[in-house]
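**Q** Here you go, sequence then predicted model.
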Amino acid sequence: MRKLICRDTIHKRVQEIGAQISDHYQNRPFTCLIILKGSTVFAADLIRAITSEFMDIDFIRLSSYCGTHSTGKVEMLMGELEKFRGRELLVVEDIVDTGTTLSFFLEKLNEIKPASIKICSLLEKKEINKGRVKIDFLGFDIKNEFVIGYGLDMNERFRNLPDIMVYEG
Ligand code: IMP
């Protein structure tokens, strides 16, 4: 394992993104829709960096990964989208790799016509995503390496690591 982004750097960036999000929504109500499970650690820090008094939070579980590889198929494991009709939504994701997971989810979300959808992702592998999914609030652009820690897992392990590490087997 190799350290890629240390906890202090993550903390500082999360505060900056929180400020950008607060500034964007001002006093408009919105839902922070947190994608389980990988985003939980990031989201726990992020929501406390958002100063809005009109935000609520909700969760949805999506899954497309098996070990260190994308299966290309996305399953929606939990959640009820209809309640978000007409709502301003901020989707919170841990990492955008191929963009498959979010593209699928955004298609489903658009069907129920929210008032707006913004995407916040802690990490993006830009050279893989290639602009397929547009991220409105991004933490860090990273290379095409498999990362773990700060909520990110390898077969459910390592979510508890406080820094973001490259998994090297
Ligand atoms: P995508 O559908 O290829 O964009 O992959 C997105 C999902 O795959 C993320 O929500 C993660 O759960 C998982 N994922 C992608 N890359 C990594 C990684 O480097 N480490 C851990 N999980 C990853």
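**A** Done, it's in.

**Q** Okay, and the beta partners of the residue nearest to residue 20 when sequence neighbours are not counted?
**A** Spatially, and ignoring its direct neighbours in sequence, residue 20 is nearest to residue 137 (5.8 Å; C-beta to C-beta, 6 or more residues apart in numbering). Yep, even glycine has a C-beta here, placed from its N, CA and C like the rest. Beta bridges link residue 137 to residue 120 when assigned by DSSP bridges.

**Q** what about residue 137, how many neighbours?
**A** 18 (other C-beta atoms under 10 Å).

**Q** swap in residue 25?
**A** Count around residue 25 with other C-beta under 10 Å applied: 19.

**Q** Please apply the same query to residue 1.
**A** 14.

**Q** so who does it touch?
**A** By C-beta atoms under 8 Å, 6 or more residues apart in numbering, residue 1 lies in contact with 148, 165, 166, 167, 168.

**Q** The spatially closest residue to residue 26 that is not a sequence neighbour: neighbour count?
**A** Closest residue in space to residue 26, ignoring its immediate chain neighbours: residue 52 at 7.8 Å, by C-beta to C-beta, 6+ apart. Per other C-beta under 10 Å, the neighbour tally for residue 52 reads 19.
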